[in-house]
Every structure is written in structure tokens, then in C-alpha cells.
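>>> sequence first, predicted model second:
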Amino acid sequence: MKKLFLSLVLFFGVINGSVADINNDSAVEMVENLTKQGIEQIINSTSSVEEKNRVFRKLFTENLDLDFIGRYVLGRYWRTTTPMQKKEFIDLYKEFNVKTWSTRFDEFKGKSFVFEGVSPSSNKDQVFVNTSVPMPEGSPVSVRWRVYERKGELKVIDIIIENVSLAQTARNEYTSFIAKSPNGVDGLLEH
């Protein structure tokens, strides 16, 4: 019954053209600063890996809500973890993402993000900032940034590359790992 109710709320929210209450221009500006002044400059620099990681850490902690994303990717397991496991997971998750993304964004070296407006979300406190990255061969790569506002602050809570949600992908991988691990969440933390 809960699922039916939630589906109806989401459906009617979309049908009614639920427009985000957040300022679209501010969301675009935040993502533009993140990509142009941060990612593109760092990727295209000759900085050492340590320097790139330092800058990415700063960018990610300032612009992404990694606490929120970390809770999301643990899914139902978040409710059953101890406070110590939660803290350890969030710390490890932040460090893992800094190292992963400083490497992954190297794929965009020498390229720029093209801004293509915003799309509403079914949640009034969220909006999608749509970008693409032209590639030398083939179609541009679609990159959508899910931005939300909480307590007057804008943060990215998901990055969707070519229609693949990075938060959902991580959630699927982590919850599957926990379900298969004889040590549950501790097994994931050790891994």
C-alpha cells in the first residue's frame, strides 16, 4: 500500500509539472563553477596526483553531499549499522570517491562541459542541471547533475552519466556485496 501511495504522489507530482523551488540559475552556476573552475582546470593541469586528489577532496566536500549520498548507497543497511560503522563507512566512502573521481574525470581531459539548461525533479527541492561533453568521435557524453537545496545550501547528490546514476549504481553494488558477505557491513568496510 505504501508503494502504491508513493507511486501516486510521484506520478501526480510529475503530471502537475512540479517545478523545483530551488533557484535554477544558482544551481547552474554552482555546477558551472564545479566543472569549469574545478574539474576542467585540475584535469588539464600538470599537477601531481597528490595535488589533484587534494583539490578534488576540497571540491567534492564543498559541492557534493557525500554524507547524504553515503546514507543512500547503504540503503536499508544504514538503519542497522552502528554509529561507529556509519562514521567509518562515510569516511571511507568520501576517500574512495575522491580517489575514484580524480581518475575518472581524466577521461574528460582537454574537453569542456556544455551547459544545456535544467530539468525539473519530482522533488521540489531538487533540479537536474544538464550538461554534455563533446567527444572527438561519436556523440557527446550526457552528464546530468542532481542538485538539491537544504537549509539554503546547494549540493550535488548524484551524477548521471549517459543515463546511469552513479549513486544508484553504487547502491546496487554495495547492498549486493553486504548481502553476500558473511560479515555484512563489516565485510564491506574491510573490503
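Cool, the structure landed. Numbering: from 1, shown residues only.
>>> residue closest to the middle of this protein?
Closest residue to the average C-alpha location of the chain: residue 158 at 2.6 Å, with C-alpha atoms, centre = their mean.
>>> doesn't that one lie inside a strand?
Yes: residue state for residue 158 (DSSP: H, G, I helix; E, B strand; the rest coil) corresponds to a strand.
>>> pLDDT wise, what is it at?
We have a pLDDT of 95 for residue 158.
>>> give the residue spans of the chain that score low on pLDDT.
Along the chain, segments meeting pLDDT under 70 span 1-21.
>>> now what about the helix or strand containing residue 60, what contacts it?
Using DSSP states H and E, residue 60 sits within helix 49-63. Helix 49-63 is contacted from outside by 30, 34, 38-39, 42, 45, 47, 66, 94, 97-99, 101-102, 155-156, using C-beta atoms under 8 Å, 6 or more residues apart in numbering. C-beta: built from backbone N, CA, C; applies to glycine.
>>> buried set for that helix?
For helix 49-63, the buried set under the neighbour-count rule, 16 or more other C-beta atoms under 10 Å, comprises 52-53, 55-57, 59-60, 63.
>>> now stretch 73-84
73-74, 77, 81.
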